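Trainee: sequence first, then the predicted structure, then my questions.
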Amino acid sequence: MPATWPCPGPSGIADEYAVVFDRARPVRLLIVPPLFEEMNRTRRMLIETQCRLDGLGIDSMLPDLPGCNESAQAFPAQSLGSWRDAMAAAARHFAATHVLALRGGALVFPTSLPGWVLEPQKGSAILRQLLRARVLAAKEAGREENSTDLLEQGRNHGLELAGYRLSAALVAGLDAAVPQDEGQRVIRQSDLGGRPLWLRSEPGEDPAQSAALARLIAAEASA
């Protein structure tokens, strides 16, 4: 069911949404989604994973990153720092005991919690993908752009990439960021089977992957 939680933002505390399965059980999992389009492509998989975790006796919370999905905050105001603050606030509000971060979510999750990171991704790799998509789109439109010049522009003034208006702070932060895991267990796609959903061109789901991920988390959380 949907729930709200108090999230820090540039204008003060704002209510943000989360998908929550909460029966006040001992294990409470905060799920930090991937960034940008990978967030949209994996959302159905993550909610299916929450359903499976609920059946295995684990509470879970999937919060929106500020500026994304149903968030009322402005995306251009966001940085990796603001997302880290938001996920830390969500963890406190929901009294999370564990965390699962996917892909770029490993750049912004609360490292103080034990848990798992699924195929963590460097910020520079995310940025390269976004820049490549813009250069290709410009070429198809008959314009010449290159990643080096765009990156410099982004560091100084911000940049629109894949329909997102990235602030200069977010561009610079991504360019330098590495996964923040501190002892969390790294899960590989091969542990789940199937093809990565974040590589698909459209949002999708894979119940078998969601079930495998839920079983892995439930088994290790209770070990």
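Mentor: Alright, I've got the coordinates. Residues are numbered from 1 along each chain as shown.
Trainee: mind listing the strands for the chain?
Mentor: 2-9, 12-21, 28-32, 59-63, 98-102, 115-118, 159-161, 164-166, 185-187 (DSSP state E).
Trainee: any chance of those strands in a markdown table, with distance to residue 42, mean pLDDT and mean neighbour count too?
Mentor: To be clear about C-beta, it is placed using only N, CA and C from the backbone, and glycine gets the same treatment. Listed next are the strands of the chain as a markdown table, based on distance: least, Cβ to Cβ, whole Å; pLDDT from 0 to 100; neighbours: other Cβ atoms under 10 Å:
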| stretch | distance to residue 42 | mean pLDDT | mean neighbour count |
| --- | --- | --- | --- |
| strand 2-9 | 18 | 89 | 17 |
| strand 12-21 | 13 | 92 | 17 |
| strand 28-32 | 10 | 98 | 27 |
| strand 59-63 | 10 | 98 | 25 |
| strand 98-102 | 6 | 98 | 26 |
| strand 115-118 | 9 | 97 | 24 |
| strand 159-161 | 19 | 93 | 19 |
| strand 164-166 | 17 | 94 | 18 |
| strand 185-187 | 13 | 95 | 16 |
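Trainee: reformat these as CSV; add distance to residue 217.
Mentor: What follows is those, written out as CSV (distance: least, Cβ to Cβ, whole Å):
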stretch, distance to residue 217
strand 2-9, 20
strand 12-21, 13
strand 28-32, 7
strand 59-63, 9
strand 98-102, 7
strand 115-118, 6
strand 159-161, 32
strand 164-166, 30
strand 185-187, 9
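Trainee: out of these, which comes closest to residue 143?
Mentor: strand 159-161 (13.6 Å; Cβ to Cβ).
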